[in-house]
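> here is the input, now give the coordinates:
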Amino acid sequence: MLLVRKLSGKATANYVFQSFLGRISSCRCIAGRVHESLIYLNSQNIDLRIHRGNGFGHFSQNFSSTAGTILVQARDTGKLSEEIEAATNERRLNDAWDLHEQHMRIEGFARKSIVCKLIAGLTESSNIQWLEKAYGLVEKAFEEHKHLLFDKETLLYLSLGLAKCGLPIPASTLLRKLIEMEHYPPVAAWSAVIAYMSSNSSGVYLAAELVLEIGYLFQDGRVDPRKKCNEPLILMKPNATAFNIVLAGCLLFGTTKKAEQLLDMIPRINMKTDAISLIIMAHIYERNGRMGELKKLWRHIEEVPNVTEVQFRQFNNCLLSCHLKLGDIDSAAHMVLEMLRKAKKAQNSLGVANLVLETDKRGTTSPHQGVFVDNSCGTKSDEPKNPAMHQRHFLCYEDFCSDKKYLGLGAETKVLLDSMVVKLQGQVELITTERGILRPTETTYVKLVRAFLDAGKMKDLVDFLLKAEKEDSPLSADNSVLFNTINSCISLGWLDQAHDLLDEMRLAGVRANSSVYNSLLKAYHKENRTGELKSLVRDARRAGIQLDASSYEALIQTQVLEKDTSAALDLFKEMKAAKIPRGGNQDFDMLVKHSEQGKDARLMSKLMQEIKEGQVGDAGVHDWNNVIHFFSKKRLMKDAEKALVKMRSLGHAPNAQTFHSLVTGYAAIGGNYIEVAELWGEMKSIAFASGMKFDLELLDAVLYTFVRGGYFVRANEVVEMMERGGMFVDKYKYRALFLKYHKTMCKGKAPKVQTESQLQKREAALDFKKWVGL
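Numbers count the residues shown, from 1 in each chain. Down below sits the predicted model:
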């Protein structure tokens, strides 16, 4: 049997030629006529090769065809399928793929069982190239509307393999295709896929979109669990594990506004949270500055059983960090002092006994184990940078299919979630635990000192530090937080703040170290601030502080420069009478040197770094963002607009979080596209004037609103900005959105008469349609 494959030329002539050659093997008497025909074709410069079997002799003639028809040797497709199956079973993937391509050229796709086995074999290889070829095969079948070729398990297995190898986009596309086909994957299976997808920023964003899309199906009781036909759909409903994975991934990669959208969905699908969920929520609320939500969360944490010591520490860390972020210094200081009082109380025998009982109830770990968790988080959190690459062992397809309840995948998901939780624990830096007792860290003192200094609350700072030292006495006076704070200010040139702190200490009845006065005096002399220098000398004498030789020398030089020789002579006599050795006091210089070398003054080194390099946030912006977010969430957009005007009038510049709340609020109402367009114009002007950068979450929300409303000129502007910034864009989501709301747009010929504006809109819509791949 011979097959003719037409490459070019007229279809009718090709069909006649195929019919003619196809009957050669059944009639030997026409062999001579075929020979004559070949001679004629040869005279027309046509090249032909014919291979004959079943006793029909081999002959060939050379000719080149203007019609471009090529004859290839045909094969039995049934035998070809058997060879594909055998090669796949023997892991000869190159041979299996070549045979499959031959089958595609001859007859198209093989039968369902062969295609599924081939895809499973390619996936088991854990090779990215083979996985991409398998996905390309599935994509081609969907383009040809042959999606029935694949079982649900096959596509789910391929999706898992793609996610494990760090290919989140095709992995998420397959999950979406399964849902479109109503082959609903169970939550235990798709949770494992999104867990592996969450190893990078684009994968986390796609995973969040998937959870939102799946959760939307169950919002507000849309699915009746009593109906038996809904059983496969109910099995797909997101659970706490799925949410925890995506929320933890959003935290690790900084997409906390998308995470807050997920939190808003939890009550709408009636999902029960666990202790891990509550702690992750606390981290999200802290990142977004939602103090009100954090306080509400405390009641739920108290009701949840088996909250561990580490989780309890994380929540208090989030609460303290949120106080500092919002500029509520008094609440933060009160929280720290309360911790110190409880820690001091727990040091007696009764307190220790009570603590043991409490930790036993919480199921806490040993103190050594708790410390190990902290250290490991800081040093090993980046070791499995890509969980997909960390666990490249693929479960074979037969075992995957035999695990009907996907218990194995559930165990893998749990391991990945635990690794994410450990990384979150490594971000706790304000609070530590010692035998179950919460204590503030040095970083806490550093950030509080910086907040007090920025606010100019010197008296409150001194009161706080004195109370803190009373509850938690330092090893020595020179190593106290207050002493290190003053010396840090002197080192960084903040002389007025250092002098104010000394005054507050003196008024509080606390005697300062002489080296502090000497250091500040020499700093004043270096900057030629004579008035402040004389005032400091009077304060030192009033406090009974003995100055060193270098300080006297600085004073004498100052008097000489002012041509007051008698005063200079009096100072010299005073120094000689006091028998002060020459060479000066080098305590402060040694302290600074040790801080630079990281020896004995680690706290001072941290203070200097925080004061010098720490970013100062505008607490007012956070406050107004919370107000605007509240109104936008309640869809009170007029009130949100008034709050924005008031925010600007007070001198607070809106940021990305401000615009995100407004855009999502308008999008929730629907139809307010003009307002979003005005916001977009304002955002562009701000970006041009101040160089302000907009994040992926904000631009994605703006793009979604424009596509939904058909504003494709502005949508293309957003796309251009996102691509210029190297941001990930979920084209599948926008392709589906376009087909849902604008399927018939730009079909057919363009109108003969149209304005320039209409032409521009049509061209923009066509450009967007081409960009999404339609």
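> contacts only, for the residue most central in space within the chain.
Taking CA atoms, centre = their mean as the criterion, residue 253 is the residue nearest the geometric centre of the chain, at 2.0 Å. Counting by CB atoms under 8 Å, 6 or more residues apart in numbering, residue 253 makes contact with 200-201, 204-205. C-beta here means a position set from N, CA and C on the backbone, and glycine is covered the same way.
> 10 Å instead?
198-205, 259, 696 (CB atoms under 10 Å, 6 or more residues apart in numbering).
> same question for residue 691.
Contacts of residue 691 by CB under 10 Å, 6+ apart: none found.
> per-residue confidence for it?
Per-residue pLDDT puts residue 691 at 76.
> sec struct for the nearest residue to residue 251 once chain neighbours are set aside, please.
Nearest residue to residue 251 in three dimensions, chain neighbours excluded: residue 283, at 5.3 Å (CB to CB, 6 or more residues apart in numbering). What DSSP: H, G, I helix; E, B strand; the rest coil gives for residue 283 is helix.
> can you verify my assumption that residue 283 contacts residue 428?
Yes - applying CB atoms under 10 Å, one finds residue 283 in contact with residue 428, separated by 9.5 Å.
> mutual contacts of those two, please.
Contacts common to residue 283 and residue 428, judged by CB under 10 Å, 6+ apart, are 314-315, 317-318, 321.
> any low-confidence regions in the protein?
Scanning the chain for pLDDT under 70 picks out 1-75, 348-393, 473-479, 546, 548, 550-552, 555, 558-617, 748-750, 752-753.
> could you pull out the strands in it for me?
2-6, 48-50, 59-61, 69-73, 431-434, 437-440 (DSSP state E).
> please report how far residue 664 lies from residue 695.
To residue 695, residue 664 is 14 Å away according to CB to CB, to the nearest Å.
> next one: residue 772
22 Å.
> what's the neighbour count on residue 638?
A count of nearby residues for residue 638, using other CB atoms under 10 Å, gives 8.
> residue contacts, it?
Applying CB under 10 Å, 6+ apart to residue 638 gives the contacts residue 631.
> any idea how far it is from residue 662?
12 Å.
> joint contacts of these two?
Going by CB under 10 Å, 6+ apart, residues that sit against residue 638 and also against residue 662 are residue 631.
> give me the distance from stretch 189-208 to the chain's centre.
For stretch 189-208, the separation from the chain centroid amounts to 11 Å (computed by CA atoms, centre = their mean, to the nearest Å).
> for that stretch, measure first residue to last.
End-to-end distance for stretch 189-208: 16 Å, by CA to CA, to the nearest Å.
> buried residues in that stretch, which are they?
If you call a residue buried by 16 or more other CB atoms under 10 Å, then stretch 189-208 has these buried ones: 189-208.
> try stretch 676-694
676-677, 679-680, 683, 686, 694.
> can you redo those residues as TSV with distance to residue 221?
Shown next, in TSV, are the buried residues of stretch 676-694 (distance: CB to CB, whole Å):
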residue	distance to residue 221
676	30
677	35
679	34
680	36
683	37
686	42
694	36
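> which one of the residues you listed is nearest residue 335?
residue 694 (34.0 Å; CB to CB).
> who touches that closest one in this structure?
Neighbours of residue 694 in contact, by CB under 10 Å, 6+ apart: 655-656, 659-660, 683-684, 686-687, 702, 718, 721-722, 725, 727.
> inside helices: which ones of those?
Counting by DSSP state H, the part of the contacts of residue 694 found in helices is 656, 659-660, 683-684, 686-687, 702, 718, 721-722.
> in CSV, list those residues along with distance to residue 505.
Listed next are the ones in helices among the contacts of residue 694 as CSV, based on distance: CB to CB, whole Å:
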residue, distance to residue 505
656, 42
659, 46
660, 45
683, 49
684, 52
686, 45
687, 47
702, 53
718, 56
721, 53
722, 54
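> ok, which pair from those is furthest apart?
Largest separation among the ones in helices among the contacts of residue 694 by CB to CB: 686 and 722, giving 16.8 Å.
> residue 184: how many residues sit nearby?
Residue 184: 21 neighbours (other CB under 10 Å).
> give the contact list for it.
Residues in contact with residue 184 (CB under 10 Å, 6+ apart) are 152, 178, 190, 214, 217, 230-237.
> kindly recompute the last result at 8 Å.
178, 232-233, 235-236 are the contacts of residue 184 under CB under 8 Å, 6+ apart.
> ok, now which ones touch the nearest residue to residue 504 once chain neighbours are set aside?
Excluding the flanking residues, the one nearest residue 504 by CB to CB, 6+ apart is residue 462, at 4.0 Å. Neighbouring residues of residue 462 by CB under 8 Å, 6+ apart: 482, 501, 504-505, 508, 510.
> then residue 656?
Counted by CB under 8 Å, 6+ apart, residue 656 has contacts 692-695, 697-698.
> and the two most separated of the residues you listed?
The widest separation within these (CB to CB) is 14.8 Å, between 692 and 697.
> how many neighbours does residue 293 have?
18.
> correct me, but it touches residue 283?
No - Residue 293 is beyond contact range of residue 283, at 11.8 Å (criterion: CB atoms under 8 Å).
> excluding covalently adjacent residues, which one is nearest to residue 699?
residue 722 (5.2 Å).
> distance check, that neighbour against residue 767.
15 Å.
> same thing with residue 707?
In terms of CB to CB, residue 707 sits 13 Å off from residue 767.
> looking at the two, which one has more neighbours?
residue 707 (24 against 14).
> related to what we said a few turns ago, filter the contacts of residue 656 down to the ones in helices?
697-698.
> distance to residue 328 added to the contacts of residue 656, as TSV?
As requested, the contacts of residue 656 are exported to TSV (distance: CB to CB, whole Å):
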residue	distance to residue 328
692	26
693	27
694	28
695	26
697	26
698	26
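> of the contacts of residue 656, closest to residue 396?
Out of the contacts of residue 656, the member with the shortest distance to residue 396 (by CB to CB) is residue 697, at 39.3 Å.
> so the closest one makes contact with residue 255?
Yes - judged on CB under 8 Å, residue 697 makes contact with residue 255 at a distance of 5.8 Å.
> please enumerate the shared neighbours of the two.
With CB under 8 Å, 6+ apart, residue 697 and residue 255 have no common neighbours.
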